[in-house]
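*Asks:* when you get a sec, could you give me coordinates for this:
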Amino acid sequence: MNGYPPIGAHGIVGDLQTAALIAADGTVDWWCTPRFDSPSVFASLLDSDRGGYCRLHADVSEEATVRQLYLPDTAVLITRFMAPSGVGEVLDFMPPDPSPTPSATHRLVRVARVVRGSMPFELLCRPRFDYGRAPHDLTRLDDGSMLFRGPGTDLQVQTTAQIGLHPDGTDVSARFTLHAGERAAVVLTSETGEPGELSGRPGGQVPTAEAVLAEFEACTGFWTDWLRSSRYRGRWHEMVTRSAITLKLLTYAPTGAPIAAATMGLPEQIGGERNWDYRYTWVRDASLSVRAMIDLGFTAEASAFRRWLRERLDASGTASGEPLQIMYRVDGEPHLTEEVLDHLEGYRRSAPVRAGNAAADQIQLDIYGEAAYAFAQAEDIGGIRGWQAFTRVIDWLVDHWDRPDEGIWETRGGRQNFTYSRLMTWVAFDRAIRLATAHSRPGDVARWQAARDTVFRQIVDSGWSEKRRAFVQHYDTEVLDASLLLMPKVGFLTPTDPDWLTTLDAMDTELVSDSLVYRYDPAASPDGLRGSEGTFNLCSFLYVEALARAGRLHQARYAFDKMLTYANHVGLFAEEIGPSGEQLGNFPQAFTHLALIDAAIALDEELDRAERRPR
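*Replies:* Reported below is the predicted structural model:
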């Protein structure tokens, strides 16, 4: 495999425990199994030579046009190959597993079919276990399937009768031709466990066309049934639905923990060092994701996350020593040791490639507010034990909120009194008071009110720059920060407050570029890292929502429509947008898709209100 596809040239499929990225040429270049945060089987996205991949594509000598799309309202990805000889497709899906029990076995089903003429296909399966560090053995089984054996992981490649597999060293290849109306399937099944416990046949019996069709219908049925819970009926149905499916795909079903993104190591700047592992559960990202899902009507996801969060509150031994830490593994494990995989060159030589995340032990006080914000949006705030755990944390926060921290952006340039962190501690106290009052739950409400009001006064006095006529990043700077776009959303001030409108104007002048929004200016506020970054998609959608709520509807709708043009060909977003409109950072990014949902809902509401207003 030569070169690297653009980050945005991918679709995602998943089974609610793990996920795979599939490039627009039919190459699976990222798959970790059995969990999102497990070592990879395919990782050519981070090293085209050493990472491993599985390609199933049209093997035509003439120029072929390739297009990719999702089967509507599902997570079934279709890659189409159009050539003079015919039109062929590869359908990729993973049978969903919503079970609360983690599975050691996972299946990626790839169906090749021809709808016009005839087309030859080529299969190249070249796994590289443990991020490309571990060797493997290859065995042909009696049924003609191939078994790759890595350290603690088996990968079986099975096919329907039309495809004959051939060993290629320790890899596998096949070539076959299909005619109109014909189809053939390749099934990749991983099994993980102790070497003595592995079955040696993770995929079971050889797949038949009928069995694969039944799996396909069950997969599409799962997604269409799940989407029936959505109550969104607004103007951007297709994009909101795709974002909801993406957030669901990025949620680990056994625990209800959403991850930040499916990948690790994808750069915020090509050739730069801002390359992080996002396959973990950030309390902040997860809380906001769940809140967006609640707004769409998906309440089961909120209940599952609330259980997971309560377990974190009840547990001890956080890496930071706080009641909560900023991120965890999907099973709740708090230790995320960061290591550099220096044998991988990185996406387009963007090194270092990091696995794990050293930011896990940072102090970021805003997470308590985001957790409370998610709880406050739920129709059911949970049981007595959950409330007691929640109030213990609020009581603790009363004594510990007034401290510098690393802030929402996890800068590595030292702790500051970040305004956003103070804002979200205000939210923690405010939502705790509201919940106790609305649900008649016990709590030291008078003490919480005193703390809430103290935080409010401090933000107004120290987080405001009279010179800039704006709220600023932290108490010792004049630098702006796009995280503060959440100020009206969380109710700290109204969307039309004069101090907020001048803050919004200042951001528009300094942080906004053609409706795209930078998080902050690293040159003005050093963050301890070299290089630069693109505009941050989360902030761009927060900007749309802030404009809409402020009544600037024409500007908001134009900014939103322009943001949608930066989506990739199947409606997915990475973390950032680069100077030429390219997707940068880990992909797909939950933060981006939850903010898209929020912006669409806000814009719908404000446009509807304006249409009802007398002229």
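
*Asks:* the biggest strand by length in the chain pairs with which strands?
*Replies:* Ranked by number of residues, the top strand in the chain under DSSP state E is strand 105-126. Strand pairing for strand 105-126, using DSSP bridges, gives strand 53-58 (antiparallel), strand 86-93 (antiparallel), strand 171-179 (antiparallel), strand 183-192 (antiparallel).

*Asks:* and the angle for whatever helix or strand comes next after the first one with strand 86-93?
*Replies:* Once strand 53-58 ends, the next helix or strand along the chain (criterion: DSSP states H and E) is strand 65-70. Angle, strand 65-70 to strand 86-93, by axes from the mean of the first three to the mean of the last three C-alpha atoms, to 10 degrees: 30 degrees.

*Asks:* go through the strands paired with strand 105-126 and name the closest to Val41.
*Replies:* Across the strands paired with strand 105-126, Val41 has its closest neighbour in strand 183-192 (6.4 Å, C-beta to C-beta). Where you see a C-beta, it was placed from the backbone N, CA and C, and this is true even at glycine.

*Asks:* give me the distance from that closest one to the chain's centre.
*Replies:* 25 Å (C-alpha atoms, centre = their mean, to the nearest Å).

*Asks:* give me the buried positions along the very next helix or strand once past that strand.
*Replies:* Using DSSP H and E, the helix or strand that follows strand 183-192 in sequence is helix 209-227. Residues of helix 209-227 classed as buried: Val212, Glu215, Phe216, Cys219, Thr220, Phe222, Trp223, Trp226, Leu227 (neighbour count, 16 or more other C-beta atoms under 10 Å).

*Asks:* which parts of the stretch 401-550 of the chain are helices?
*Replies:* Along the stretch 401-550 of the chain, the segments classed as helices by DSSP state H, counting those that start in this stretch run 419-438, 445-462, 498-510, 537-549.

*Asks:* may I see the ones you listed arranged in JSON lines, with mean neighbour count as well?
*Replies:* What follows is those, written out as JSON lines (neighbours: other C-beta atoms under 10 Å):
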{"stretch": "helix 419-438", "mean neighbour count": "23"}
{"stretch": "helix 445-462", "mean neighbour count": "16"}
{"stretch": "helix 498-510", "mean neighbour count": "17"}
{"stretch": "helix 537-549", "mean neighbour count": "27"}
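
*Asks:* make TSV out of the ones you listed and add distance to Arg348.
*Replies:* Converted to TSV, the helices of the stretch 401-550 of the chain look like this (distance: least, C-beta to C-beta, whole Å):
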stretch	distance to Arg348
helix 419-438	32
helix 445-462	41
helix 498-510	30
helix 537-549	20
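
*Asks:* now the strands paired with strand 105-126 as CSV including mean pLDDT, distance to Ala319 and mean neighbour count?
*Replies:* CSV is the format used below for these (pLDDT from 0 to 100; distance: least, C-beta to C-beta, whole Å; neighbours: other C-beta atoms under 10 Å):
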stretch, mean pLDDT, distance to Ala319, mean neighbour count
strand 53-58, 97, 34, 24
strand 86-93, 97, 37, 23
strand 171-179, 97, 39, 17
strand 183-192, 96, 25, 23
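
*Asks:* got TSV for these, with distance to Ile163 too?
*Replies:* Below are the strands paired with strand 105-126 laid out as TSV (distance: least, C-beta to C-beta, whole Å):
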stretch	distance to Ile163
strand 53-58	10
strand 86-93	13
strand 171-179	5
strand 183-192	5
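
*Asks:* got a list of contacts for whatever helix or strand Gln388 lives in?
*Replies:* Secondary structure assignment for Gln388, by DSSP H and E: helix 384-400. Residues outside helix 384-400 that contact it (C-beta atoms under 8 Å, 6 or more residues apart in numbering): 306-307, 310, 313-314, 323-324, 365, 368, 372, 375, 381, 425, 428-429, 432, 436, 441-444, 447-448, 451.

*Asks:* tell me the secondary structure at the nearest residue to Tyr53 once chain neighbours are set aside.
*Replies:* The spatial neighbour of Tyr53 that comes closest, neighbours along the chain excluded (C-beta to C-beta, 6 or more residues apart in numbering), is Ser44 at 4.1 Å. Following DSSP: H, G, I helix; E, B strand; the rest coil, Ser44 is assigned to coil.

*Asks:* shaky segments in the stretch 1-150 of the chain?
*Replies:* Along the stretch 1-150 of the chain, the parts satisfying pLDDT under 70 run over 1-2.

*Asks:* please redo it, this time with the cut-off set to 50
*Replies:* The stretch 1-150 of the chain contains residues with pLDDT under 50 at 1.

*Asks:* also the stretch 251-400 of the chain?
*Replies:* Judged by pLDDT under 50, the stretch 251-400 of the chain has no weakly predicted residues.

*Asks:* what about the helices in it?
*Replies:* 283-296, 299-314, 367-377, 384-400.

*Asks:* just checking, Ala590 touches Asp285?
*Replies:* Yes - the criterion here is C-beta atoms under 8 Å, and Ala590 meets it with Asp285 at 5.6 Å.

*Asks:* which neighbours do these two share?
*Replies:* With C-beta under 8 Å, 6+ apart as the test, Ala590 and Asp285 both reach Pro258, Ala260.

*Asks:* what about these two, which has more around it?
*Replies:* Between Ala590 and Asp285, Ala590 has the larger neighbour count (other C-beta atoms under 10 Å), namely 30 against 25.

*Asks:* quick one: contacts for that one?
*Replies:* Neighbour list for Ala590: Thr246, Leu247, Leu250, Pro258, Ile259, Ala260, Ala261, Asp285, Ser289 [criterion: C-beta under 8 Å, 6+ apart].

*Asks:* which of these fall in strands?
*Replies:* Pro258.

*Asks:* mind picking the two most distant members of the contacts of Ala590?
*Replies:* Spanning the widest gap among the contacts of Ala590 are Thr246 and Asp285, at 13.1 Å by C-beta to C-beta.

*Asks:* neighbours around Pro95, how many?
*Replies:* The number of residues packed near Pro95 is 16, by other C-beta under 10 Å.

*Asks:* and Ser190, what is it in contact with?
*Replies:* Contacts of Ser190 by C-beta under 8 Å, 6+ apart are Thr33, Pro34, Val41, Thr105, His106, Arg107, Thr153, Asp154, Leu155, Gln156, Pro202.

*Asks:* measure the fourth one to Pro95 for me?
*Replies:* So that's Thr105. 11 Å (C-beta to C-beta, to the nearest Å).

*Asks:* same question for the first one.
*Replies:* According to C-beta to C-beta, Thr33 stands 14 Å off from Pro95.

*Asks:* include distance to Ala610 when you put the helices of the stretch 251-400 of the chain into JSON lines, please.
*Replies:* As requested, the helices of the stretch 251-400 of the chain are exported to JSON lines (distance: least, C-beta to C-beta, whole Å):
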{"stretch": "helix 283-296", "distance to Ala610": "20"}
{"stretch": "helix 299-314", "distance to Ala610": "30"}
{"stretch": "helix 367-377", "distance to Ala610": "25"}
{"stretch": "helix 384-400", "distance to Ala610": "38"}
